[in-house]
Each structure stands twice: as C-alpha cells, then as structure tokens.
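Colleague: Have a look at this fold, sequence not included:
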C-alpha cells in the first residue's frame, strides 16, 4: 500500500517536535522517530487499528501521548492528522472533517 499525508500533518509533527525539543535536546527527534515508525506500521498493517469516526482509524504512538488519524481506501492510506491524545474528541473530529 501507498501512504500519503495531508499537508497539515507536517505542521502537526513540527509543532510537537518543537515542543518536545524545547523540553530536552533530542526529545523532538525521538518523537519524530516514533511517528515515522507508526507510519511504517500503517503500511504493513493498515487495518490493525480501531475505527473511531467516519472510517478514520487511530494508531497510538509509542512513548508519546499522540495519535495518528488515517483512512484506508483501495491501495492508499492517507494520514490526516497527528494529535495529542488529551485533545477533545469532538475537536479532533471537526479538524478531520475539514482536512
């Protein structure tokens, strides 16, 4: 399968990376490594994670309280967002609807 990304995902990742890096040198890069590992896992096991809203699936990152939201369609996985897990589910749904 092919993995593609909504343009806003880069902004999500950069914001989280910068926040973690401001807390400890190298922590932001660790966050990115965990995010990329999650993306790789999506490619191997796209239907492993639970469906949470209108077909969107949610994969949890290791070590960090973040979730990856994605859709599986035909031979493509599209990642639509990477959000902190403490965010209100309704707010996440609204963001996903417009991306």
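Modeller: Perfect, I can see it now. Quantities reported herein were computed from a predicted structural model and do not represent experimental measurements. Residues are numbered from 1 along each chain as shown.

Colleague: which residues of this protein fall in strands?
Modeller: Taking DSSP state E, the strands of the chain run over residues 2-5, 51-53, 56-60, 66-73, 76-84.

Colleague: between those, which gets nearest to residue 14?
Modeller: Comparison of the strands of the chain against residue 14 by CB to CB identifies strand 76-84 as nearest, at 10.2 Å. Heads up, the C-betas are built off the backbone N, CA and C, glycines and all.

Colleague: by contact count, what packs against the closest one?
Modeller: Under the contact criterion of 3 or more CB pairs under 8 Å, 6 or more residues apart in numbering; DSSP states H and E, strand 76-84 touches strand 2-5, helix 8-23, helix 27-44, strand 66-73, helix 89-98.

Colleague: I'd like the ones you listed laid out as CSV, including distance to residue 79, mean pLDDT and mean neighbour count.
Modeller: Below are the helices and strands packed on strand 76-84 laid out as CSV (distance: least, CB to CB, whole Å; pLDDT from 0 to 100; neighbours: other CB atoms under 10 Å):
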stretch, distance to residue 79, mean pLDDT, mean neighbour count
strand 2-5, 5, 94, 13
helix 8-23, 5, 98, 15
helix 27-44, 7, 96, 15
strand 66-73, 5, 97, 20
helix 89-98, 11, 96, 13
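
Colleague: of the ones you listed, which approaches residue 51 most closely?
Modeller: Closest approach to residue 51 among those is made by strand 66-73 (9.5 Å; CB to CB).

Colleague: ok now do the spatially most central residue of the chain, which residues does it touch?
Modeller: Residue closest to the average C-alpha location in the chain (CA atoms, centre = their mean): residue 68, at 2.2 Å. Applying CB atoms under 8 Å, 6 or more residues apart in numbering, we find residue 68 in contact with 35, 38-39, 42, 58-61, 79, 81-82.

Colleague: give me that answer again for 6 Å
Modeller: 38, 59, 79, 82 (CB atoms under 6 Å, 6 or more residues apart in numbering).

Colleague: what's the closest of the strands of the chain to residue 15?
Modeller: Counting by CB to CB, residue 15 lies closest to strand 76-84 out of those; the figure is 9.2 Å.

Colleague: Now do stretch 16-29: everything it contacts.
Modeller: Contacts with stretch 16-29, where a contact means CB under 6 Å, 6+ apart, come from 31-32.
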